[in-house]
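Chemist: show me how the following folds:
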Amino acid sequence: MNDDLIQRLKYHVTPTVLQGETEYVAAKEQALAQFYPIFLSILRVHPEQAETLSQQLNPKISELFTEKPEIKQRLLEHLASLSESVPQEQLEQTLNRSIKPTIEYLKTEADASNPDAINYVIETNNDSIQKALPTWASQLLLAIGASPLVGHHPTPVPGIDPEPVEPAIQKERRSRFLIPIIAFIIVAALIMFFFRGCTRDDDPDDIRDMQNASKAVATETAFLKLSTGSEGQITSCQVQINDPQYMEILQNEIKQIFNYNIGCGSENNDNYHSEFTDQDTIPSVLKAMQGVPNVSLHWEGKQVSVQAGNSADAERIAGEIRQLAKNMTVITQKPISTAKAINTPSNEAEKVLASMPIEQIQALDVATALNLQAINFAPGSTEIPTINQSILDQTAALMKRAPQVHLRVIGHTDAQGDEELNKQLSLQRAQAIVNYLVKQGVDPAQLNAIGMGPAQPNASNAKDVDRYKNRRIAFEVMNTNTGTVRAVDDQGVKQKV
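Modeler: Numbers count the residues shown, from 1 in each chain. Next up is the predicted model:
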């Protein structure tokens, strides 16, 4: 095993942090290598932060500089100066993602999770940490009281053998030898810094344009939409955020809280922001929704809306959110009426389909997007509502580029009337969708219509709005290369056996 802790972090942690990255990978790897010794130097002086940060879903480097946030900005500026092509926002996201796996690796090294054990690992590796520490970082650490020159001795931890202590006389001689060299390096770095500042000839307008361009990448706010059915089970779930690591954390929370192994429909898209407001509170909010029937949550920007079939449920959940998410505006909405449901289409599906790269089209993604805009029929009718036709047009355009994928279109009805007639009606509704897609150029061999009648209701049939929800279309996607069939309906995505 490599005796250098920083090298071990680069070997074990960096690949985890950069997994799935395609842009500026080398520059981000270099930034992480410089950040590790800075982070460990802070934990050395403030060991309690290891426990605080490890308990958060998505810890951020800003929490290391709460008393002096300007130091965080100076840190990012220094790292960005090493590779000016990387936007600072992306660098900060990369450093944020490194915090938790770094602490977890330190716990593995210590074979314990308490702060003393982690601090002991840092102290016994302090020489290698300080060797890797960038020269310019010393002043930043000094400004927050985490100077590497601060004397600190580890508390012995049972089960961890201490490293041999170097004789004091030898340390003193080595220190006397190193002082002139360190002084020379610092002076040289300062000269280079001022020389660069004096010779920089960038046009201020160009700099401003570059900064504006980097800020303009994320144009859409991250959002989470989740709805439950009559038994408190998830009936639909969609999440969009440009942070794969947090996306995975959130998906796991949803699966565990709602016993929903499928997970939410999602897509990593640079157009979306990389975090939610008060996102660390979202798991607690979801637990407040657990088991509550007919409730919908929409978390976007600085606003979260709650809608429930029972207004008391909506008010209770909204009250808990207000206590947890102090920076969010919480509103409750009345249950949607049948008339409003029919005449108010969701444009989210169109946005998701439009954002799909043509070269990466997958049928499951198309079906998940279709599920965002329900296709519901009037009683006894097979006529496709006008408001749904544009989404079918987009679907046809994408399906034509994925000829290896077959789509099963499944029609459903409410429970009113004769069951056998309803089954025929549901097949006719599914066939109407198939005919429409074929008319738009989709190969008929890719499509198959099936009618289920009232056998698989999406809601109770007690009210008009529930019956309206049951008069719907669901989708199954079959990949002819693998033979795998996956249902993508109001219950999400699941493999059929």
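
Chemist: only C-alpha atoms from now on, for both contacts and neighbour counts.
Modeler: Fine.

Chemist: next up, the contacts around residue 91.
Modeler: 28, 31, 76, 80 (C-alpha atoms under 8 Å, 6 or more residues apart in numbering).

Chemist: then residue 6?
Modeler: Contacts of residue 6 (C-alpha under 8 Å, 6+ apart): 33, 36, 37, 128, 129, 132.

Chemist: tell me which two in these are the farthest apart.
Modeler: 33 and 128 (12.6 Å; C-alpha to C-alpha).

Chemist: if you count surrounding residues, which of those two has more?
Modeler: Neighbour count, other C-alpha atoms under 10 Å: between residue 33 and residue 128, residue 33 has more, with 19 against 16.

Chemist: for that one, what is the enclosing helix or strand?
Modeler: helix 25-45 (DSSP states H and E).

Chemist: name the helices or strands packed onto that helix?
Modeler: helix 5-12, helix 69-82, helix 88-110, helix 115-124, helix 126-132, helix 137-143 (3 or more C-alpha pairs under 8 Å, 6 or more residues apart in numbering; DSSP states H and E).

Chemist: winner for burial among those?
Modeler: For those, the largest average neighbour count (mean count of other C-alpha atoms under 10 Å) is found in helix 115-124, namely a mean of 22.

Chemist: just the C-alpha atoms of that one, please, in PDB.
Modeler: Taking Å, rounded to 0.1, in the frame of the first residue of the first chain, the C-alpha atoms of helix 115-124 are listed here in PDB:
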ATOM      1  CA  PRO A 115     -13.600  12.100  15.200                       C
ATOM      2  CA  ASP A 116     -10.600  11.100  17.400                       C
ATOM      3  CA  ALA A 117      -9.800   8.100  15.200                       C
ATOM      4  CA  ILE A 118     -10.100  10.200  12.000                       C
ATOM      5  CA  ASN A 119      -7.900  12.900  13.600                       C
ATOM      6  CA  TYR A 120      -5.300  10.300  14.500                       C
ATOM      7  CA  VAL A 121      -5.000   9.100  10.900                       C
ATOM      8  CA  ILE A 122      -4.600  12.700   9.800                       C
ATOM      9  CA  GLU A 123      -1.900  13.500  12.400                       C
ATOM     10  CA  THR A 124       0.100  10.400  11.700                       C
END
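
Chemist: next, the angle from it to helix 88-110.
Modeler: Note on geometry: by axes from the mean of the first three to the mean of the last three C-alpha atoms, to 10 degrees, helix 115-124 and helix 88-110 are set 100 degrees apart in direction.

Chemist: where's the residue nearest to residue 222 when sequence neighbours are not counted relative to residue 220, distance?
Modeler: Spatial nearest neighbour of residue 222, excluding adjacent residues (C-alpha to C-alpha, 6 or more residues apart in numbering): residue 241 at 4.8 Å. Separation of residue 241 from residue 220 (C-alpha to C-alpha, to the nearest Å): 9 Å.

Chemist: same deal with residue 245?
Modeler: Using C-alpha to C-alpha, residue 245 is found at 19 Å from residue 220.

Chemist: cool, and residue 16?
Modeler: Using C-alpha to C-alpha, one obtains 27 Å as the distance from residue 16 to residue 220.

Chemist: where in the chain is pLDDT low?
Modeler: Low-confidence segments of the chain (pLDDT under 70): 1-3, 83-84, 147-184, 187-218, 262, 266-269, 335-373, 405, 477-497.

Chemist: strands of that one, start to end?
Modeler: Counting by DSSP state E, the chain has strands at residues 223-228, 234-240, 265-266, 295-300, 303-308, 329-333, 405-411, 447-451, 473-479, 485-489, 492-495.

Chemist: tell me how far the second one is from the chain's mean position?
Modeler: What that stands for is strand 234-240. With C-alpha atoms, centre = their mean, to the nearest Å as the basis, strand 234-240 stands 14 Å off its chain's centre.

Chemist: each with direction, which strands does it pair with?
Modeler: strand 223-228 (antiparallel), strand 265-266 (parallel) (DSSP bridges).

Chemist: quick one, which of those is nearest to residue 41?
Modeler: strand 223-228 (35.9 Å).

Chemist: next, the buried residues of the closest one.
Modeler: Across strand 223-228, burial judged by 16 or more other C-alpha atoms under 10 Å covers 223, 224, 225, 226, 227, 228.

Chemist: need the contact list for the residue nearest to residue 231 when sequence neighbours are not counted.
Modeler: Leaving aside its chain neighbours, residue 231 sits nearest to residue 293 (5.3 Å; criterion: C-alpha to C-alpha, 6+ apart). Taking C-alpha under 8 Å, 6+ apart as the criterion, residue 293 is in contact with 228, 229, 230, 231, 232, 233, 308, 309.

Chemist: of these, keep whichever come out buried.
Modeler: The neighbour-count test (16+ other C-alpha under 10 Å) marks 228, 229, 230, 232, 233, 308, 309 as buried among the contacts of residue 293.

Chemist: wait, which of the contacts of residue 6 is closest to residue 440?
Modeler: Ranked by distance to residue 440 (C-alpha to C-alpha), the contacts of residue 6 are led by residue 33 at 53.0 Å.

Chemist: for the closest one, give its distance to residue 109.
Modeler: Distance, residue 33 to residue 109, by C-alpha to C-alpha: 18 Å.

Chemist: cool, residue 392 as well?
Modeler: On the measure of C-alpha to C-alpha, residue 392 and residue 109 end up 54 Å apart.

Chemist: tell me which stretches of the stretch 351-497 of the chain form helices.
Modeler: 363-372, 389-399, 419-439, 464-470 (DSSP state H, counting those that start in this stretch).

Chemist: do the stretch 201-350 of the chain as well
Modeler: Using DSSP H, counting those that start in this stretch, helices in the stretch 201-350 of the chain cover 204-215, 244-258, 282-289, 311-324, 338-343, 348-355.

Chemist: pipe the buried residues of strand 223-228 into TSV and attach distance to residue 284 per row.
Modeler: Below are the buried residues of strand 223-228 laid out as TSV (distance: C-alpha to C-alpha, whole Å):
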residue	distance to residue 284
223	17
224	14
225	16
226	14
227	16
228	16
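
Chemist: list just the nearest of these to residue 254.
Modeler: Distance to residue 254 across these (C-alpha to C-alpha) is lowest for residue 226, with 9.8 Å.

Chemist: biggest separation within the contacts of residue 91, which pair?
Modeler: Largest pairwise distance in the contacts of residue 91, by C-alpha to C-alpha, is 11.8 Å, between 28 and 76.

Chemist: roughly how far apart are the residue nearest to residue 424 when sequence neighbours are not counted and residue 305?
Modeler: Of all residues beyond its chain neighbours, the one nearest residue 424 is residue 451 (6.7 Å), with distances taken as C-alpha to C-alpha, 6+ apart. As judged by C-alpha to C-alpha, residue 451 and residue 305 stand 35 Å apart.

Chemist: ok, those two, which is more surrounded?
Modeler: Each of residue 451 and residue 305 has its neighbours counted (other C-alpha under 10 Å); residue 451 has more, 22 against 18.

Chemist: these two touch, right, the more buried one and residue 421?
Modeler: No - between residue 451 and residue 421 there is no contact under C-alpha atoms under 8 Å: 10.8 Å.

Chemist: which strand residues bridge residue 303?
Modeler: residue 300, residue 329.

Chemist: show me the contacts for it.
Modeler: Residue 303 sits next to 328, 329, 330, 331 when contact means C-alpha under 8 Å, 6+ apart.

Chemist: let's see 10 Å
Modeler: The contact partners of residue 303, by C-alpha atoms under 10 Å, 6 or more residues apart in numbering, come to 223, 277, 327, 328, 329, 330, 331.

Chemist: do the same with residue 445
Modeler: 403, 405, 406, 407, 438.

Chemist: out of those, what pair is the most spread apart?
Modeler: Spatial extent of the contacts of residue 445 (C-alpha to C-alpha) is set by the pair 405 and 438 at 14.5 Å.
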